[in-house]
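Q: What follows is a predicted protein model with its sequence.
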Amino acid sequence: MTIWAGPMCSAKGLAMYRAPSRRTALDQLRQFVPRAGASYAAGRNSDPGPGKPSAVSRLSAAIRYRLVTEQDVVGEVLARHSFEAAGKFIQEVCWRTYWKGWLEQRPAVWQRFLAERGAARDAAAASADLAAAEAGRTGIDAFDFWARELVETGYLHNHARMWFASIWIFTLRLPWTLGADFFLRHLIDADPASNTLSWRWVAGLQTAGKTYLARADNIARYSEGRFSPHGLAQEAVALSEPPVGPAAMLPVLAEPDPALPSLLLLHHEDLHPESLYPADVPVRAVLAVCDPALLWGDAARRFAGEAMADAAIRAAAHCGCGSILADQLDAETVIPAAQAAGARQVLTPYAPVGPVADALAALEPALAAEGIALHRTRRRWDTGLWPHARRGFFAFDAEIKGFLRAQGML
(Lines give C-alpha, C1' and ligand atoms only; values in the text may rest on other atoms or scores of the structure.)
Protein backbone atom coordinates (compact mmCIF):
# COMPACT_ATOMS: atom_id res chain seq x y z
CA MET A 1 0.00 0.00 0.00
CA THR A 2 1.23 3.48 -0.85
CA ILE A 3 1.15 5.94 2.02
CA TRP A 4 3.28 8.99 1.49
CA ALA A 5 3.53 10.50 -1.96
CA GLY A 6 6.75 9.37 -3.64
CA PRO A 7 10.12 11.03 -3.14
CA MET A 8 11.23 14.18 -4.86
CA CYS A 9 14.93 13.51 -5.15
CA SER A 10 17.80 11.59 -3.67
CA ALA A 11 20.59 14.10 -4.25
CA LYS A 12 22.51 14.95 -1.12
CA GLY A 13 21.65 18.44 0.06
CA LEU A 14 19.72 21.29 -1.47
CA ALA A 15 22.82 22.60 -3.21
CA MET A 16 22.54 19.72 -5.68
CA TYR A 17 18.95 20.50 -6.70
CA ARG A 18 18.24 22.28 -9.93
CA ALA A 19 16.36 25.48 -9.16
CA PRO A 20 12.70 24.46 -8.89
CA SER A 21 10.63 25.71 -11.80
CA ARG A 22 7.83 24.43 -13.97
CA ARG A 23 10.26 23.90 -16.84
CA THR A 24 12.64 21.73 -14.80
CA ALA A 25 9.70 19.79 -13.36
CA LEU A 26 8.30 19.12 -16.83
CA ASP A 27 11.76 18.02 -18.02
CA GLN A 28 11.98 15.65 -15.06
CA LEU A 29 8.48 14.32 -15.76
CA ARG A 30 9.22 13.64 -19.42
CA GLN A 31 12.47 11.87 -18.57
CA PHE A 32 10.57 9.62 -16.17
CA VAL A 33 7.51 8.85 -18.35
CA PRO A 34 9.09 5.91 -20.27
CA ARG A 35 9.67 4.17 -16.90
CA ALA A 36 6.17 4.82 -15.49
CA GLY A 37 4.85 1.36 -16.40
CA ALA A 38 6.38 -2.01 -15.54
CA SER A 39 9.72 -0.54 -14.47
CA TYR A 40 8.07 1.62 -11.83
CA ALA A 41 5.77 -1.13 -10.61
CA ALA A 42 8.65 -3.58 -10.19
CA GLY A 43 11.09 -1.23 -8.45
CA ARG A 44 9.06 1.38 -6.59
CA ASN A 45 9.49 -0.23 -3.15
CA SER A 46 13.28 -0.44 -3.31
CA ASP A 47 15.39 2.27 -1.66
CA PRO A 48 18.97 1.97 -2.92
CA GLY A 49 20.11 5.02 -0.95
CA PRO A 50 21.02 8.65 -1.57
CA GLY A 51 22.38 9.45 -4.99
CA LYS A 52 21.63 5.99 -6.41
CA PRO A 53 19.37 5.43 -9.43
CA SER A 54 15.90 4.25 -8.42
CA ALA A 55 12.52 3.51 -9.98
CA VAL A 56 10.64 6.42 -8.43
CA SER A 57 9.74 9.64 -10.27
CA ARG A 58 11.25 12.11 -7.77
CA LEU A 59 8.40 14.49 -8.61
CA SER A 60 6.53 14.74 -5.32
CA ALA A 61 7.81 18.20 -4.35
CA ALA A 62 6.90 19.58 -7.77
CA ILE A 63 3.43 18.02 -7.45
CA ARG A 64 3.04 19.10 -3.82
CA TYR A 65 3.46 22.79 -4.81
CA ARG A 66 1.78 22.19 -8.17
CA LEU A 67 4.64 23.33 -10.32
CA VAL A 68 3.21 20.44 -12.28
CA THR A 69 -0.32 19.35 -11.52
CA GLU A 70 -1.64 15.86 -11.03
CA GLN A 71 -3.44 16.23 -14.35
CA ASP A 72 -0.16 17.19 -16.06
CA VAL A 73 1.56 14.11 -14.68
CA VAL A 74 -1.18 11.59 -15.38
CA GLY A 75 -1.79 13.08 -18.84
CA GLU A 76 1.88 12.72 -19.84
CA VAL A 77 1.95 9.13 -18.55
CA LEU A 78 -1.25 8.14 -20.36
CA ALA A 79 0.12 9.55 -23.60
CA ARG A 80 2.80 6.83 -23.41
CA HIS A 81 1.19 3.97 -21.45
CA SER A 82 -2.23 2.40 -21.05
CA PHE A 83 -4.09 2.97 -17.79
CA GLU A 84 -3.50 -0.66 -16.82
CA ALA A 85 0.22 -0.59 -17.60
CA ALA A 86 0.80 2.58 -15.55
CA GLY A 87 -1.76 1.78 -12.88
CA LYS A 88 0.67 1.64 -9.95
CA PHE A 89 2.16 5.01 -10.77
CA ILE A 90 -1.25 6.63 -11.33
CA GLN A 91 -2.31 5.27 -7.94
CA GLU A 92 0.77 6.85 -6.39
CA VAL A 93 -0.13 10.25 -7.83
CA CYS A 94 -3.72 9.87 -6.64
CA TRP A 95 -2.77 9.01 -3.06
CA ARG A 96 -1.97 12.70 -2.51
CA THR A 97 -5.35 13.62 -4.02
CA TYR A 98 -7.06 11.08 -1.76
CA TRP A 99 -5.39 12.32 1.41
CA LYS A 100 -6.25 15.94 0.61
CA GLY A 101 -9.85 15.06 -0.17
CA TRP A 102 -10.19 12.98 3.00
CA LEU A 103 -8.86 15.77 5.23
CA GLU A 104 -10.82 18.45 3.38
CA GLN A 105 -14.00 16.67 4.46
CA ARG A 106 -12.75 16.18 8.05
CA PRO A 107 -10.80 19.36 8.94
CA ALA A 108 -11.19 18.66 12.66
CA VAL A 109 -8.56 15.89 12.29
CA TRP A 110 -5.93 18.52 11.43
CA GLN A 111 -6.93 20.62 14.42
CA ARG A 112 -6.79 17.51 16.62
CA PHE A 113 -3.27 16.80 15.39
CA LEU A 114 -2.12 20.36 16.18
CA ALA A 115 -3.55 20.18 19.70
CA GLU A 116 -2.07 16.75 20.43
CA ARG A 117 1.29 17.80 19.00
CA GLY A 118 1.37 20.82 21.29
CA ALA A 119 0.62 18.70 24.34
CA ALA A 120 3.22 16.10 23.30
CA ARG A 121 5.85 18.80 22.80
CA ASP A 122 5.26 20.10 26.32
CA ALA A 123 5.40 16.61 27.81
CA ALA A 124 8.59 15.65 25.93
CA ALA A 125 10.45 18.96 26.24
CA ALA A 126 13.40 17.36 28.05
CA SER A 127 13.16 13.86 26.55
CA ALA A 128 16.55 12.30 25.85
CA ASP A 129 14.86 9.58 23.78
CA LEU A 130 13.24 12.17 21.52
CA ALA A 131 16.52 14.04 21.09
CA ALA A 132 18.33 10.79 20.21
CA ALA A 133 15.70 9.86 17.63
CA GLU A 134 15.84 13.24 15.90
CA ALA A 135 19.65 13.23 15.91
CA GLY A 136 19.91 9.65 14.59
CA ARG A 137 21.53 8.26 17.76
CA THR A 138 19.21 5.39 18.68
CA GLY A 139 21.58 2.54 17.78
CA ILE A 140 19.14 1.21 15.14
CA ASP A 141 21.29 1.50 12.03
CA ALA A 142 18.55 2.05 9.43
CA PHE A 143 16.55 4.46 11.53
CA ASP A 144 19.61 6.54 12.43
CA PHE A 145 20.65 6.75 8.78
CA TRP A 146 17.18 7.90 7.73
CA ALA A 147 16.99 10.52 10.47
CA ARG A 148 20.24 12.06 9.25
CA GLU A 149 19.31 11.68 5.58
CA LEU A 150 16.03 13.48 6.19
CA VAL A 151 17.66 16.44 7.95
CA GLU A 152 20.48 16.72 5.40
CA THR A 153 18.46 16.33 2.19
CA GLY A 154 14.79 17.07 2.86
CA TYR A 155 14.01 13.65 1.41
CA LEU A 156 13.15 10.08 2.33
CA HIS A 157 12.03 7.32 0.00
CA ASN A 158 8.36 6.41 0.48
CA HIS A 159 9.16 2.97 1.88
CA ALA A 160 11.72 4.43 4.28
CA ARG A 161 9.09 6.86 5.55
CA MET A 162 6.84 3.95 6.46
CA TRP A 163 9.65 2.02 8.19
CA PHE A 164 10.79 5.15 10.03
CA ALA A 165 7.29 5.95 11.31
CA SER A 166 6.72 2.38 12.47
CA ILE A 167 10.00 2.25 14.38
CA TRP A 168 9.31 5.70 15.90
CA ILE A 169 5.89 4.62 17.18
CA PHE A 170 6.22 0.93 18.04
CA THR A 171 9.92 0.39 18.80
CA LEU A 172 10.95 3.74 20.28
CA ARG A 173 7.44 4.35 21.65
CA LEU A 174 7.54 8.06 20.93
CA PRO A 175 4.38 10.11 20.30
CA TRP A 176 3.29 9.78 16.67
CA THR A 177 2.47 13.48 16.55
CA LEU A 178 6.10 14.37 17.24
CA GLY A 179 7.24 12.05 14.47
CA ALA A 180 4.79 13.71 12.10
CA ASP A 181 6.12 17.06 13.28
CA PHE A 182 9.71 15.94 12.61
CA PHE A 183 8.73 15.11 9.03
CA LEU A 184 6.88 18.42 8.63
CA ARG A 185 9.98 20.32 9.72
CA HIS A 186 12.32 18.57 7.30
CA LEU A 187 10.54 17.06 4.28
CA ILE A 188 10.44 19.39 1.29
CA ASP A 189 7.23 17.77 0.05
CA ALA A 190 5.36 17.62 3.38
CA ASP A 191 1.77 18.82 3.40
CA PRO A 192 -0.83 18.65 6.19
CA ALA A 193 -2.92 15.90 4.60
CA SER A 194 -0.36 13.43 3.24
CA ASN A 195 1.95 13.71 6.23
CA THR A 196 -0.60 13.67 9.05
CA LEU A 197 -2.81 10.95 7.63
CA SER A 198 0.12 8.73 6.67
CA TRP A 199 1.44 8.79 10.23
CA ARG A 200 -2.09 8.09 11.46
CA TRP A 201 -2.27 5.08 9.11
CA VAL A 202 0.98 3.58 10.42
CA ALA A 203 -0.26 4.11 14.00
CA GLY A 204 -3.56 2.32 13.40
CA LEU A 205 -5.70 5.44 13.69
CA GLN A 206 -6.54 6.21 10.08
CA THR A 207 -7.89 2.73 9.36
CA ALA A 208 -8.88 1.79 12.88
CA GLY A 209 -6.84 -1.14 14.14
CA LYS A 210 -4.73 -1.52 10.98
CA THR A 211 -1.06 -0.78 11.66
CA TYR A 212 2.21 -1.05 9.76
CA LEU A 213 5.02 -3.04 11.39
CA ALA A 214 8.61 -2.49 10.22
CA ARG A 215 10.45 -5.81 9.97
CA ALA A 216 14.22 -6.27 9.76
CA ASP A 217 14.03 -8.72 6.84
CA ASN A 218 11.79 -6.39 4.83
CA ILE A 219 14.15 -3.45 5.46
CA ALA A 220 17.18 -5.51 4.43
CA ARG A 221 15.45 -6.75 1.27
CA TYR A 222 14.20 -3.40 -0.01
CA SER A 223 17.24 -1.38 1.02
CA GLU A 224 19.46 -3.76 -0.99
CA GLY A 225 21.10 -5.15 2.15
CA ARG A 226 22.38 -1.81 3.39
CA PHE A 227 20.91 -2.26 6.87
CA SER A 228 20.56 -4.96 9.49
CA PRO A 229 18.44 -3.37 12.22
CA HIS A 230 18.22 -5.10 15.59
CA GLY A 231 15.74 -4.75 18.43
CA LEU A 232 12.68 -3.81 16.37
CA ALA A 233 9.22 -4.25 17.88
CA GLN A 234 7.69 -7.62 17.08
CA GLU A 235 4.12 -6.37 17.19
CA ALA A 236 2.33 -3.12 16.42
CA VAL A 237 -0.63 -2.57 18.72
CA ALA A 238 -2.90 0.06 17.22
CA LEU A 239 -3.30 3.38 18.98
CA SER A 240 -6.79 4.60 19.75
CA GLU A 241 -8.66 7.91 19.78
CA PRO A 242 -12.18 9.33 20.08
CA PRO A 243 -14.32 8.93 16.96
CA VAL A 244 -13.47 11.27 14.09
CA GLY A 245 -17.03 11.85 12.92
CA PRO A 246 -18.62 11.75 9.46
CA ALA A 247 -17.30 13.47 6.37
CA ALA A 248 -18.60 16.96 5.64
CA MET A 249 -19.59 18.28 2.23
CA LEU A 250 -17.05 20.33 0.30
CA PRO A 251 -17.83 24.06 0.41
CA VAL A 252 -19.56 25.55 -2.62
CA LEU A 253 -17.46 28.36 -4.07
CA ALA A 254 -18.93 31.61 -5.37
CA GLU A 255 -18.00 32.49 -8.93
CA PRO A 256 -15.95 35.67 -9.47
CA ASP A 257 -17.26 38.47 -11.68
CA PRO A 258 -15.42 38.02 -15.00
CA ALA A 259 -15.63 41.76 -15.73
CA LEU A 260 -14.18 43.14 -12.49
CA PRO A 261 -10.54 44.28 -12.33
CA SER A 262 -8.70 41.71 -10.24
CA LEU A 263 -5.56 41.01 -8.24
CA LEU A 264 -4.20 37.48 -8.68
CA LEU A 265 -2.90 36.23 -5.32
CA LEU A 266 -0.47 33.32 -5.51
CA HIS A 267 0.46 31.11 -2.55
CA HIS A 268 2.62 28.01 -2.32
CA GLU A 269 -0.27 25.50 -2.43
CA ASP A 270 -0.74 25.96 -6.19
CA LEU A 271 1.94 27.40 -8.46
CA HIS A 272 0.43 26.85 -11.89
CA PRO A 273 -2.12 29.68 -12.18
CA GLU A 274 -1.98 29.63 -16.00
CA SER A 275 -4.13 26.49 -16.01
CA LEU A 276 -6.68 28.01 -13.62
CA TYR A 277 -7.29 31.46 -15.10
CA PRO A 278 -7.78 32.29 -18.80
CA ALA A 279 -5.49 34.96 -20.20
CA ASP A 280 -8.45 37.29 -20.79
CA VAL A 281 -9.40 37.54 -17.09
CA PRO A 282 -8.87 41.24 -16.19
CA VAL A 283 -5.94 40.74 -13.81
CA ARG A 284 -4.27 44.07 -13.10
CA ALA A 285 -1.38 42.69 -11.02
CA VAL A 286 0.01 39.45 -9.60
CA LEU A 287 0.86 39.30 -5.89
CA ALA A 288 3.03 36.24 -5.19
CA VAL A 289 3.32 35.55 -1.47
CA CYS A 290 5.63 32.90 -0.02
CA ASP A 291 5.10 33.31 3.72
CA PRO A 292 7.77 31.43 5.71
CA ALA A 293 5.44 31.32 8.70
CA LEU A 294 3.12 29.03 6.71
CA LEU A 295 5.85 26.48 5.93
CA TRP A 296 7.58 24.36 8.55
CA GLY A 297 11.21 23.84 7.57
CA ASP A 298 14.06 25.71 5.95
CA ALA A 299 14.35 23.21 3.09
CA ALA A 300 10.67 23.61 2.19
CA ARG A 301 10.90 27.39 2.53
CA ARG A 302 13.82 27.54 0.14
CA PHE A 303 12.20 25.25 -2.41
CA ALA A 304 8.84 27.02 -2.24
CA GLY A 305 10.44 30.46 -2.40
CA GLU A 306 12.35 29.65 -5.59
CA ALA A 307 9.29 27.96 -7.09
CA MET A 308 7.18 31.02 -6.22
CA ALA A 309 9.58 33.34 -8.04
CA ASP A 310 9.21 31.17 -11.15
CA ALA A 311 5.42 31.13 -10.82
CA ALA A 312 5.26 34.91 -10.47
CA ILE A 313 7.13 35.39 -13.75
CA ARG A 314 4.89 32.92 -15.57
CA ALA A 315 1.68 34.38 -14.12
CA ALA A 316 2.62 37.96 -14.99
CA ALA A 317 3.44 36.96 -18.57
CA HIS A 318 0.20 34.99 -18.85
CA CYS A 319 -1.92 37.86 -17.55
CA GLY A 320 0.03 40.65 -19.25
CA CYS A 321 0.69 42.62 -16.07
CA GLY A 322 3.32 43.21 -13.42
CA SER A 323 4.08 41.06 -10.39
CA ILE A 324 5.00 41.72 -6.77
CA LEU A 325 6.80 39.29 -4.46
CA ALA A 326 5.93 39.38 -0.77
CA ASP A 327 6.58 37.27 2.32
CA GLN A 328 3.46 37.78 4.46
CA LEU A 329 0.01 36.49 3.62
CA ASP A 330 -2.05 39.01 5.57
CA ALA A 331 -4.31 42.01 5.17
CA GLU A 332 -1.45 44.48 5.57
CA THR A 333 0.16 43.00 2.44
CA VAL A 334 -2.81 42.11 0.26
CA ILE A 335 -5.14 45.10 0.72
CA PRO A 336 -2.59 47.77 -0.34
CA ALA A 337 -1.59 45.65 -3.35
CA ALA A 338 -5.22 45.25 -4.42
CA GLN A 339 -5.92 48.96 -3.98
CA ALA A 340 -2.79 49.99 -5.87
CA ALA A 341 -3.89 47.78 -8.78
CA GLY A 342 -7.42 49.16 -8.73
CA ALA A 343 -8.72 45.64 -8.08
CA ARG A 344 -12.29 45.06 -6.96
CA GLN A 345 -11.72 41.36 -6.31
CA VAL A 346 -8.84 39.04 -5.39
CA LEU A 347 -8.55 35.74 -7.24
CA THR A 348 -6.55 32.93 -5.66
CA PRO A 349 -6.16 29.17 -6.11
CA TYR A 350 -8.04 27.09 -3.56
CA ALA A 351 -5.88 26.11 -0.58
CA PRO A 352 -6.74 22.79 1.13
CA VAL A 353 -6.86 22.38 4.91
CA GLY A 354 -3.73 23.82 6.51
CA PRO A 355 -1.97 27.09 7.32
CA VAL A 356 -2.57 28.77 3.94
CA ALA A 357 -6.31 28.06 4.10
CA ASP A 358 -6.37 29.52 7.62
CA ALA A 359 -4.53 32.63 6.44
CA LEU A 360 -7.00 33.12 3.58
CA ALA A 361 -9.94 32.67 5.96
CA ALA A 362 -8.49 35.42 8.20
CA LEU A 363 -7.89 37.66 5.19
CA GLU A 364 -11.38 37.39 3.69
CA PRO A 365 -13.32 39.62 6.15
CA ALA A 366 -10.58 42.26 6.10
CA LEU A 367 -10.84 42.43 2.31
CA ALA A 368 -14.63 42.54 2.48
CA ALA A 369 -14.46 45.53 4.82
CA GLU A 370 -12.62 47.36 2.04
CA GLY A 371 -15.19 46.36 -0.56
CA ILE A 372 -12.93 43.71 -2.12
CA ALA A 373 -14.17 40.14 -2.59
CA LEU A 374 -11.91 37.08 -2.20
CA HIS A 375 -12.59 34.28 -4.68
CA ARG A 376 -10.95 30.88 -4.37
CA THR A 377 -10.72 28.73 -7.50
CA ARG A 378 -10.72 24.95 -7.05
CA ARG A 379 -9.33 22.72 -9.78
CA ARG A 380 -11.64 20.35 -11.63
CA TRP A 381 -9.28 17.54 -10.59
CA ASP A 382 -9.99 18.26 -6.91
CA THR A 383 -13.70 18.99 -7.35
CA GLY A 384 -14.13 15.74 -9.27
CA LEU A 385 -12.09 13.42 -7.05
CA TRP A 386 -12.14 14.80 -3.50
CA PRO A 387 -15.81 13.88 -2.85
CA HIS A 388 -14.90 10.20 -3.41
CA ALA A 389 -12.43 10.32 -0.49
CA ARG A 390 -15.15 9.72 2.08
CA ARG A 391 -14.10 6.17 2.93
CA GLY A 392 -10.95 4.09 2.32
CA PHE A 393 -8.55 4.42 -0.59
CA PHE A 394 -9.81 1.39 -2.48
CA ALA A 395 -13.30 2.85 -2.84
CA PHE A 396 -11.63 6.05 -4.06
CA ASP A 397 -9.37 4.12 -6.42
CA ALA A 398 -12.41 2.56 -8.09
CA GLU A 399 -13.48 6.04 -9.23
CA ILE A 400 -10.21 7.15 -10.82
CA LYS A 401 -10.57 5.51 -14.23
CA GLY A 402 -14.10 6.83 -14.73
CA PHE A 403 -12.99 10.32 -13.78
CA LEU A 404 -10.09 10.24 -16.21
CA ARG A 405 -12.40 9.03 -18.96
CA ALA A 406 -14.88 11.83 -18.22
CA GLN A 407 -12.00 14.33 -18.51
CA GLY A 408 -11.07 12.97 -21.93
CA MET A 409 -7.77 11.60 -20.66
CA LEU A 410 -8.56 8.00 -21.62
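A: Arrived safely, thanks for sending.
Q: which residues in the stretch 251-400 of the chain form strands?
A: Using DSSP state E, counting those that start in this stretch, the strands found in the stretch 251-400 of the chain span residues 262-266, 283-289, 322-326, 345-349, 373-377.
Q: Mind listing what's buried along the last one?
A: Judged by neighbour count using 16 or more other C-beta atoms under 10 Å, the buried positions of strand 373-377 are 373-376. All C-beta spots, glycine's among them, are computed from the backbone N, C-alpha and C.
Q: what angle separates that strand from strand 345-349?
A: Orientation check (axes from the mean of the first three to the mean of the last three C-alpha atoms, to 10 degrees): strand 373-377 against strand 345-349 gives 20 degrees.
Q: Now do the end-to-end distance for stretch 246-259.
A: 39 Å (C-alpha to C-alpha, to the nearest Å).
Q: shouldn't G37 be in contact with A85?
A: Yes: if you go by C-beta atoms under 8 Å, G37 and A85 touch, sitting 4.2 Å apart.
Q: the helices in the stretch 101-250 of the chain, which residues?
A: For the stretch 101-250 of the chain, the helices defined by DSSP state H, counting those that start in this stretch occupy 108-123, 128-135, 141-153, 158-166, 176-186, 192-203, 216-222.
Q: how about those helices, which one is nearest S275?
A: With C-beta to C-beta as the criterion, S275 lies closest to helix 192-203 of those, at 21.1 Å.
Q: Tell me the helices and strands packed up against the closest one.
A: Helix 192-203 sits against helix 87-104, helix 108-123, helix 158-166, helix 176-186, with contacts defined as 3 or more C-beta pairs under 8 Å, 6 or more residues apart in numbering; DSSP states H and E.
Q: Please produce JSON lines containing the helices of the stretch 101-250 of the chain, extended by mean neighbour count and mean pLDDT.
A: Converted to JSON lines, the helices of the stretch 101-250 of the chain look like this (neighbours: other C-beta atoms under 10 Å; pLDDT from 0 to 100):
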{"stretch": "helix 108-123", "mean neighbour count": "15", "mean pLDDT": "97"}
{"stretch": "helix 128-135", "mean neighbour count": "16", "mean pLDDT": "98"}
{"stretch": "helix 141-153", "mean neighbour count": "20", "mean pLDDT": "98"}
{"stretch": "helix 158-166", "mean neighbour count": "25", "mean pLDDT": "98"}
{"stretch": "helix 176-186", "mean neighbour count": "22", "mean pLDDT": "98"}
{"stretch": "helix 192-203", "mean neighbour count": "25", "mean pLDDT": "98"}
{"stretch": "helix 216-222", "mean neighbour count": "16", "mean pLDDT": "97"}
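Q: Out of those helices, the one nearest L78 is which?
A: So among the helices of the stretch 101-250 of the chain, helix 158-166 is nearest, using C-beta to C-beta, at 21.9 Å.
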